[in-house]
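*Asks:* quick check, what structure comes out for this input:
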Amino acid sequence: MPVGLLGVGEPLIYAVTLPLGRPFITACLGGGIGGAVIGMLGHVGSIAVGPSGWALIPLIANNKTLYYIIGLIAGYIGGFILTYFFGIPKELKHEATAVATPTTQESSVTSEANTATHTAAFEIKAPAKGQLITLDNVPDEVFSTGMMGQGVAIQPSNGEIFSPINGTVQTIFPTKHAIGLVGEQGAEVLIHMGLDTVNLQGKGYDILVTEGQTVSVGEPLVNMDLQAIQSEGYQTITPIILTNSADFDSVTTQAEQAVEIGDVIIHVNEI
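*Replies:* Predicted structure coming up:
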C-alpha cells in the first residue's frame, strides 16, 4: 500500500495486519530488522522531527541517507519473508495456489474467456439451499476479511452442492473440502465446504465431478455429509468466493436471507 511506504501506517495496522494477528507481529519484526541494520551501519539521525518511511529521506542528517535507505529495504524484505513463511495461514496459501494454478486445458479456457471484451454483467447462483450469510459474519478471518476475494456464505440445510455458474471444474482439492470453478466470463469461483474442514482429509465428502469437466448452473458437484462433518466438531458454513474479484468492475452480494438452489447471490459487472 503506497501510504505505508510514506510512513502512514494506521490504515495498514487497523484495517489489515492487526485484525489478522500474525501479519501484525511479523510486520513489527520486519521493522525491528530494519532498525537493527541501520544501527549496525552507524548512527543515523534527522535534522527535524518528521514522518517515517520514504518521506523521511530528505530530513536524514550527516549524509547518511544511504544507510537509512538500506535499513528501509532490509525492513521491507525481512517483513515480507517473515509474513510469507509465518504470517499467512497454511490453508490460505494452499487454496490460493491451487485456485491460481489451473491445468493446461483450464488455462486455455480461462485465457479465452479473459480475452473477450468485458462489457456485460453476470450472476453467481446459490450452490446450496440454506441461510445466506454475509462474508463479514463468517467466523473465519481468511474469508471475513476478504483476503480470498468478495463473496458470500451459505449455512446449508442439506449436503447437496450444485454448480453456481456455467463453466469448468478447475480444481478439486485433494482433501475434497473445496472446489474451484472458472466461468465462461472468466470468473474464478471457490466453493469452500465448511470451515477448517481441510483437517478432515476428505471424510464426509462425495465428489461427483472431475477436474476439467464442463458444468452448467444447477449441476451436482458434491454431496456433503453434514452430520459426519459436524460430529467431528467442524462448522458446515460454505463460503462462495469470487477469487478474482479485482478483475471486475463491481461485485454486489445479496443480504442475509433464506435461499434456494439457483437463487442469485452475487451480481457481477464486468469491466
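*Asks:* now could you export just the CA positions of the helix ranked longest in the chain as PDB?
*Replies:* Taking DSSP state H as the criterion, the chain has its longest helix at helix 22-41. In PDB, the C-alpha atoms belonging to helix 22-41 read as follows (Å, rounded to 0.1, in the frame of the first residue of the first chain):
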ATOM      1  CA  ARG A  22       0.100 -12.900  12.800                       C
ATOM      2  CA  PRO A  23       0.900 -10.400  10.000                       C
ATOM      3  CA  PHE A  24       1.000  -7.600  12.600                       C
ATOM      4  CA  ILE A  25       3.600  -9.400  14.600                       C
ATOM      5  CA  THR A  26       5.700 -10.300  11.500                       C
ATOM      6  CA  ALA A  27       5.500  -6.700  10.300                       C
ATOM      7  CA  CYS A  28       6.800  -5.500  13.700                       C
ATOM      8  CA  LEU A  29       9.600  -8.000  13.500                       C
ATOM      9  CA  GLY A  30      10.400  -6.700  10.000                       C
ATOM     10  CA  GLY A  31      10.600  -3.200  11.400                       C
ATOM     11  CA  GLY A  32      13.000  -4.400  14.000                       C
ATOM     12  CA  ILE A  33      15.200  -6.000  11.400                       C
ATOM     13  CA  GLY A  34      15.400  -2.600   9.500                       C
ATOM     14  CA  GLY A  35      16.300  -0.800  12.800                       C
ATOM     15  CA  ALA A  36      19.000  -3.300  13.600                       C
ATOM     16  CA  VAL A  37      20.600  -2.900  10.200                       C
ATOM     17  CA  ILE A  38      20.600   0.900  10.500                       C
ATOM     18  CA  GLY A  39      22.100   0.600  14.000                       C
ATOM     19  CA  MET A  40      24.900  -1.700  12.700                       C
ATOM     20  CA  LEU A  41      25.700   0.700   9.900                       C
END
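*Asks:* give the buried residues for that helix.
*Replies:* In terms of neighbour count (16 or more other CB atoms under 10 Å), helix 22-41 has its buried residues at 23-27, 29-31, 33-34, 37-38. Just so you know, the C-beta spots here come from the backbone N, C-alpha and C atoms, and that holds for glycine as well.
*Asks:* hmm, which two among the residues you listed are most spread apart?
*Replies:* 23 and 38 (22.8 Å; CB to CB).
*Asks:* related to what we said a few turns ago, which strands and helices lie in contact with the longest helix of the chain?
*Replies:* Taking 3 or more CB pairs under 8 Å, 6 or more residues apart in numbering; DSSP states H and E as contact, the helices and strands that helix 22-41 lies on are helix 65-82.
*Asks:* ok, residue 191 - how many residues close by?
*Replies:* Residue neighbour count, defined by other CB atoms under 10 Å, stands at 23 for residue 191.
*Asks:* please report the distance of the closest residue in space to it that isn't next to it in sequence from residue 55.
*Replies:* Take residue 191 and drop its neighbours on the chain: the residue closest to it by CB to CB, 6 or more residues apart in numbering is residue 179, 5.0 Å away. Distance, residue 179 to residue 55, using CB to CB, to the nearest Å: 46 Å.
*Asks:* hang on, the earlier thing: tell me the one of the buried residues of helix 22-41 nearest residue 238?
*Replies:* Ranked by distance to residue 238 (CB to CB), the buried residues of helix 22-41 are led by residue 23 at 25.7 Å.
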